[in-house]
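Asks: Turn this into a model:
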Amino acid sequence: MGLRSVTLIDVVRRNAALHGDRTAFVFGARRITHADYAMDVERLAAALAGLGIGAGDRIVVLSNNNADFVALYGAAAWLGAILTPVNWRLSAEEIAYIVGDAAPKLVIADQANQDVFRAARPEFAGVGRFIGIDGGAAPFEPLAELVGAAGDAPAPHGEAGPFAMIHTAAVGGRPRGAVLSQAGLLANALQAVAGWSLTERDVGYLALPLFHVAGLNLLLSMLYAGGASVVVPRFDPAQAARAIAAEQATVFAGFAPMLGTLLDAAGDGVPLASLRTVTGLDTPETIARFEALCPAARFCVAFGQTETSGFVTMAPFRERPGSAGRPMLLSTVAVVDEADRPVATGEVGEIVVRGPGVFEQYWNRPDDTAATFRNGWHHTGDTGAFDADGYLWYKGRSAAKELIKPGGENVYPAEVEAALKAHPAVADAVVFGIPDKEWGEAVKAVCVLQQGGTASGQEIIDFVAGRIARYKRPKHLVIVDDLPKRGDGATDRVKVRELHG
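Replies: Sure, this is the predicted structure:
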């Protein structure tokens, strides 16, 4: 046992002892108390232990948000296993790559996401068992039956080590598994408890997917505070407005355009007055609409990423409009130049982070891990500047790690460019982000066709959508005769953006 470790199981057991009769989760008409959740976690841990799952074993989960998914996080913590939640928006090829990379003993999926695993792919050959959250056809076994037949659970693992592996967007064409620890995620949750002033009386509306670090962070923050979470499979604005009013939810987190569509739905007279804190990425116009509708609430801006277990800076939007907030309690954040020297106030450099929330490693990628952790800092690949009052101003991705964020998802140009160049008619392509009113950013592609090649822009977009997640496909695509080159013969990406952005 780790005498100095606080684990998720410690948090769950404390809640059961102190707030046992209070609601921990709402799943539609079903309500689960903190005492119920502690029992659910123990039963599920017993079932997984009976399947041979132990410390360090990976469990891939492909599912919408539901009660079993929430319990799986607790069961993984109990056993010291590493839960690998997978984005259900990904293509079959992308999902297969992540499964092959994680090499799990178990794959667990709800019925809506099981079909991808019925293909005979080499990436699935090493999976020991396939478990269906809500039943399902072969090769999936019903999870409920396994839990019902389980014996006693072993003693909790007791160490706050590797716990979740979330594959980040692909910098070089393939996603990397960022391994997050219980200690790091709980430290980040504690920051959020302080930043949002959470207590056991708070109710979070959890529509963000649990495969996303923001969804996981909201889940753990509400648990740490002893509060409740209203968990829904997917975000629906009209349903969200009704549920927030009915459950008197106080906390909401999301990415554009979630808040805007929620406000549209509430425009029919559904009250959102219970909300006191909303956090996310959104436009000043949407934030102003929210503040007008909920004058007693605050919108918090923030900066963070998967590799930092969530947010590392935060502040109310009105404190410094346009900024990303100030460093949180357990995060040391700096801005440095290419030699990792601190830059002057107001000067732009790379954002680097130290603190307990920083991830442990990129799975099976020691060189990438070493490069990211050089000189004692986690290098985010994002650029920014601090003002004289300590507010961080986000300036975008570094040239080496250019990133597009449509609706809060991460899209790296290299991955989309590789999919474009796989089309037989495409000779070369450059991808970048452009402003988008609804989603914040949109993916744009500039393509050169092979000599004699023929294809329309829509044909190429449809081809890409069949190879990678649909949210990564270009929303805009233009075909040109050639791409500008630099003196060394490489494509001049800056010039392409100037000409076509």
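Asks: For the biggest helix by length in the chain, buried residues please.
Replies: Ranked by residue count and defined by DSSP state H, the top helix of the chain is helix 34-50. Residues 34-38, 40-50 are the ones in helix 34-50 that count as buried (16 or more other Cβ atoms under 10 Å). Just so you know, the C-beta spots here come from the backbone N, C-alpha and C atoms, and that holds for glycine as well.
Asks: How about stretch 362-376?
Replies: Tyr362, Trp363, Arg365, Thr369, Thr372, Phe373.
Asks: can you put the residues you listed in CSV and add pLDDT, distance to Gly226 and secondary structure?
Replies: Output for those, formatted as CSV (pLDDT from 0 to 100; distance: Cβ to Cβ, whole Å; DSSP: H, G, I helix; E, B strand; the rest coil):
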residue, pLDDT, distance to Gly226, secondary structure
Tyr362, 97, 34, strand
Trp363, 97, 33, coil
Arg365, 94, 37, coil
Thr369, 94, 35, helix
Thr372, 94, 35, helix
Phe373, 97, 34, coil
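Asks: Report the angle between the helix or strand just after the longest helix of the chain and helix 34-50.
Replies: Next in sequence after helix 34-50, counting helices and strands by DSSP states H and E, comes strand 58-62. For strand 58-62 against helix 34-50, the angle by axes from the mean of the first three to the mean of the last three Cα atoms, to 10 degrees is 120 degrees.
Asks: continuing past strand 58-62, what's the next helix or strand?
Replies: Toward the C-terminal end, the helix or strand that comes next after strand 58-62 (DSSP H and E) is helix 67-79.
Asks: Tell me the helices and strands packed up against that following helix.
Replies: Under the contact definition 3 or more Cβ pairs under 8 Å, 6 or more residues apart in numbering; DSSP states H and E, helix 67-79 sits against helix 8-19, strand 23-27, helix 34-50, strand 58-62, strand 82-85, strand 162-168, helix 213-225, strand 228-231.
Asks: What residues sit buried inside the last one?
Replies: Taking 16+ other Cβ under 10 Å as the basis for neighbour counts, the residues of strand 228-231 that come out buried are Ala228, Ser229, Val230, Val231.
Asks: for the buried residues of helix 34-50, which one is nearest Val358?
Replies: Val41 (26.5 Å; Cβ to Cβ).
Asks: can you list the weak-confidence ranges in the stretch 351-500 of the chain?
Replies: The model of the stretch 351-500 of the chain has pLDDT under 70 over residues 399-401.
Asks: Which parts of it are helices?
Replies: For the stretch 351-500 of the chain, applying DSSP state H, counting those that start in this stretch gives helices covering 366-372, 413-421, 457-465, 493-500.
Asks: Pull out the CA atoms of the second one and give them to me as PDB.
Replies: This means helix 413-421. What follows is helix 413-421, C-alpha atoms only, in PDB (Å, rounded to 0.1, in the frame of the first residue of the first chain):
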ATOM      1  CA  PRO A 413      -2.800  18.700 -40.100                       C
ATOM      2  CA  ALA A 414      -0.300  15.900 -40.600                       C
ATOM      3  CA  GLU A 415      -2.900  13.200 -40.000                       C
ATOM      4  CA  VAL A 416      -5.400  14.900 -42.400                       C
ATOM      5  CA  GLU A 417      -2.700  15.400 -45.000                       C
ATOM      6  CA  ALA A 418      -1.700  11.800 -44.900                       C
ATOM      7  CA  ALA A 419      -5.400  10.800 -45.500                       C
ATOM      8  CA  LEU A 420      -5.600  13.300 -48.400                       C
ATOM      9  CA  LYS A 421      -2.500  12.000 -50.000                       C
END
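Asks: Now do it: distance to the chain's middle.
Replies: 22 Å (Cα atoms, centre = their mean, to the nearest Å).
Asks: Out of the buried residues of helix 34-50, which comes closest to Ala425?
Replies: Leu48 (48.1 Å).
Asks: now that closest one: how far from Leu210?
Replies: 17 Å (Cβ to Cβ, to the nearest Å).
Asks: Could you do Pro156 as well?
Replies: In terms of Cβ to Cβ, Pro156 sits 21 Å off from Leu210.
Asks: before we move on, what about Ala240?
Replies: Distance of Ala240 to Leu210, given as Cβ to Cβ: 16 Å.
Asks: quick one: which helix or strand includes Glu291?
Replies: Using DSSP H and E, Glu291 sits within helix 284-293.
Asks: just checking, Leu3 is part of a helix?
Replies: No. Counting by DSSP: H, G, I helix; E, B strand; the rest coil, Leu3 falls outside a helix, being coil.
Asks: Show the model's pLDDT score for it.
Replies: For Leu3, the pLDDT comes out at 78.
Asks: With only the CA atoms kept, save stretch 217-224 in PDB.
Replies: Taking C-alpha atoms only, stretch 217-224 is exported to PDB below (Å, rounded to 0.1, in the frame of the first residue of the first chain):
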ATOM      1  CA  ASN A 217     -12.000  15.900 -15.100                       C
ATOM      2  CA  LEU A 218     -15.600  17.100 -14.500                       C
ATOM      3  CA  LEU A 219     -16.500  13.600 -13.300                       C
ATOM      4  CA  LEU A 220     -13.600  13.400 -10.800                       C
ATOM      5  CA  SER A 221     -14.100  17.000  -9.600                       C
ATOM      6  CA  MET A 222     -17.700  16.400  -8.700                       C
ATOM      7  CA  LEU A 223     -16.700  13.200  -6.900                       C
ATOM      8  CA  TYR A 224     -13.900  14.800  -5.000                       C
END
